[in-house]
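Enquirer: Sequence and computational prediction follow.
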Amino acid sequence: MGRQGCAPREALRRLGARRHSLGGVIREPLPVPSETAFPSWVIRLHARALARLTGAPEARRSVRFFADQGRVVAVLVGLSVLGSAAVAVGPFVLRHLIDTSLPTGQVRDLVVPVLLLCAVLVFESSVLSVRMALIARLGGVVSVRIRQTVNAHLQRLPFAFFPRSQQGEVMTVMSTDVLNAQNAISATVQAVVCRIADIVVGSIVVFVLDWRLSLAVMVFAPATLLIVRSGRRRLAALSIRQRELDGLLMVQVADTSSVSGALHVRLFDRVDYEQTRFDAAGAELLAAAEDQARLMSRVRFLVNLGIIATMTAVLALGAWLVSSGRITLGTVAALGGALLVAFGPLSSAVNLRAELAGAGASFRRIFSLLDVPQDEVRLRFEGARAPALTVPRAPRSGTEPVPAAARWGVDAGRGLDLTFDDVWFSYDLATAEDRPDGDWPDDDPTWNLRGVTLKVAAGTTTAIVGASGAGKTTITYLASGMHRPRRGGIRLGGVPLDDIPPDSLHTMIGVVPQDPHLFHDTIAANLRYGRLDATDDELRAALAAASLSALLDRLPEGLATRVGARGYRLSGGERQRLAIARVLLQSPRVLVLDEATSALDTVSEAAVRTALDRLAVGRTCLVIAHRLSTVIDADRIYVMDHGQIVEDGTHSELLADGGAYARLYRPTVV
Ligand SMILES: Nc1ncnc2c1ncn2[C@@H]1O[C@H](COP(=O)(O)OP(=O)(O)OP(=O)(O)O)[C@@H](O)[C@H]1O
């Protein structure tokens, strides 16, 4: 953590400032206080109140998002007390007006109290508007920081997290949950502090106006406060249920409105099915909202009854005191005003309770995402990173030494070889960190790779073939450091992958995956993912090498053409060639091609293959292919079956052996 916003600004500018800032200006990122920051007592108190009111102890951890806002919170508290104190002047002025000014019958005696009342109201409104501005700013800071922190965390999560998580859930955290948390943090200052100030100041005014009447308040008011607390568990449960259903709806929308989701809903004509599913969840959401509204209106009604009872008792006692000449009429009227100040906010406190209870669920979701352990390897290097260490440039030709490799002890001069030494891997074990290996016998079907040992010699091309599900793609994930082996080791240039920092590793290894992803951005931005500082000419050269010049000439906006969500505006083959061009720009020492040419027609495959062959000179290539015709020339071929290497050799050796490879090969050439 703590590296958010560290992307080189110059590179961002080249990628197109509009992606990052509506005004075309790239602003400095908002710093997020560290988790260990020691905030002022005001903030600690605020965080404690937040945890209590939301019923979520996790909410206390949100202190880091406003740890440096102590002054703002203190000013807000001060303004709340000042506003309440100003309003408290009102009842005294009212008493003076009724008891002293009105009986004289002189208009000039009314002028001062009326002006004073006006001044009090104007002052209170000014305080309120300053308060609102500060709260809006505090809310803005909090929401941006939560999002920055969640995003920075997401970027550092191990890849294994993503295939298991639902995109909609992450989106709910980033949208609804962040808003709820922001509102709760603001509401705690605004509503809670202001309300407490109003209640305290109102009660003092009542006491000062007449201590006997304040006794009546003391008898009735606690009962009213207790009513506010009633039903809070049920209210919290209903709020949590609503948040869950909200999340489910978001997950469904994210799934069915993604390009491939929308395509499949239509291909299978499941529009009605999706609509029914959505409507059913919506109906359940409505039922929970109605239950909550009913409960809140009952509690609010009881609270109002409590307020009415208190006011009636005070006014009845006051009337008796007036009739017996012990207090004036002005005092009773002033008391009415003071009680409104003190008890008025209680009724809306019921709404606040429900809101805060819902925010508790949001805090829980935000922090449970933030508690997912980050990529250990990345963290290790981020923690140890020297400030001056920069991302090394990839070599332009196959023979240049790799600075990053040299820095981490990799002998780049002799090229980089890639070795797997008795590698065992299971997707289930990739996240079950707490389960010791001993629980998993070698013959457990959970293993996706079992004892894989292979060597991709420096500067050679090695192919992996095998039936579907044999574990070929899994090898590419491990080779590129996306997953780590459970047992055994992988080395690059003789150095364990875990000892190479991720940024260096990814300049050394380039991967064209089976289903390459294109971002919803321009062709140029997608290509520069390979190398941020590539010039337009270099982009064009990479496109030409990947046989995409004709496409570029056809597009009216050229490099600035947006490729659409996941690149759906391009054909499958064009998408794949763009992904190849991106890796060409990255110019890594080791290439991993997973079915990289499977979607290409014969003509463009030949063109791309020429480009890849050129690129492959002096580099280490690991090719995963189904079409055995494409791997005939490989220096070495490994055959996989059920997560194991069952054969290896050259094409002719393997054919001569008449084993698994020969069985795979023959049907394709018949
Ligand atoms: N994210 C995942 N979680 C759990 N299991 C997975 C995951 N990805 C792949 N697998 C499983 O791991 C095994 C190997 O999958 P892999 O994708 O490596 O096969 P493959 O040889 O590349 O297949 P194909 O040629 O069909 O692409 C399969 O049984 C697959 O079901």
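Expert: That came in fine, so what should we check first? Just so you know, these numbers come straight off a predicted model, no measurement behind them. Numbers count the residues shown, from 1 in each chain.
Enquirer: Mind picking out the helix or strand in the protein with the poorest mean pLDDT?
Expert: helix 403-407 (a mean of 42; mean pLDDT, DSSP states H and E).
Enquirer: And for the helix or strand that that one is followed by, what's in contact with it?
Expert: The first helix or strand that comes after helix 403-407 along the chain, using DSSP states H and E, is strand 418-425. If you take Cβ atoms under 8 Å, 6 or more residues apart in numbering as the criterion, strand 418-425 is touched by 447-456, 474-475, 478-479, 483, 485-492, 590, 620, 622. C-beta here means a position set from N, CA and C on the backbone, and glycine is covered the same way.
Enquirer: Can you tell me which of those residues are buried?
Expert: With burial judged by 16 or more other Cβ atoms under 10 Å, the buried subset of those is 447-452, 454-456, 474-475, 478-479, 483, 485-488, 490-492, 590, 620, 622.
Enquirer: Next, check the contacts of strand 418-425 against the strands and list the overlap.
Expert: Those of the contacts of strand 418-425 mapping onto strands are 449-456, 487-492, 590, 620, 622, per DSSP state E.
Enquirer: Walk me through the domains of this structure.
Expert: Following automatic domain parsing, one finds the domains of the chain at 1-29, 40-153+166-373, 403-669.
Enquirer: nearest to F159, of those?
Expert: Of all those, domain 403-669 sits nearest to F159, with 4.2 Å by Cβ to Cβ.
Enquirer: buried residues in the helix or strand hosting V93?
Expert: Per DSSP H and E, V93 falls inside helix 70-96. Of the residues in helix 70-96, 70, 72-77, 79-96 count as buried by neighbour count, 16+ other Cβ under 10 Å.
Enquirer: From the rest of the structure, what touches the helix or strand containing A542?
Expert: A542 is part of helix 536-545, with elements assigned from DSSP H and E. Identification of contacts with helix 536-545 by Cβ under 8 Å, 6+ apart yields 523-524, 527-528, 530-531, 534, 549, 551-552, 559, 578, 581-582, 584-585, 611, 614-615.
Enquirer: switch the cut-off to 7 Å
Expert: By Cβ atoms under 7 Å, 6 or more residues apart in numbering, the residues outside helix 536-545 that reach it are A524, L527, S549, L552, L559, A581, L584, L585, A611.
Enquirer: And for stretch 248-255?
Expert: Outside stretch 248-255, the residues touching it (Cβ under 7 Å, 6+ apart) are Q166, Q167, G168, E169, M171, T172, G261, R277, F278, A281, G282.
Enquirer: Distance from the helix or strand hosting F162 to the middle of the chain?
Expert: F162 belongs to helix 161-164 when assigned by DSSP H and E. When C-alpha coordinates are averaged (Cα atoms, centre = their mean, to the nearest Å), helix 161-164 and its chain have centres 14 Å apart.
Enquirer: export that helix as PDB, just CAs?
Expert: Extracted C-alpha coordinates of helix 161-164, given in PDB (Å, rounded to 0.1, in the frame of the first residue of the first chain):
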ATOM      1  CA  PHE A 161      -8.600 -13.500  -6.300                       C
ATOM      2  CA  PHE A 162     -10.200 -12.400  -9.600                       C
ATOM      3  CA  PRO A 163     -11.400 -15.700 -11.100                       C
ATOM      4  CA  ARG A 164     -13.300 -16.300  -7.900                       C
END
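Enquirer: pLDDT below threshold where in the stretch 251-400 of the chain?
Expert: Where the stretch 251-400 of the chain drops to pLDDT under 70, the residues are 344-351, 382-400.
Enquirer: All the helices of it, in order from the start?
Expert: Under the criterion DSSP state H, counting those that start in this stretch, the stretch 251-400 of the chain carries helices at the ranges 259-267, 271-323, 329-370, 376-384.
Enquirer: Pick the most buried one from those helices.
Expert: Highest mean neighbour count of the helices of the stretch 251-400 of the chain: helix 329-370, a mean of 21 (counted as mean count of other Cβ atoms under 10 Å).
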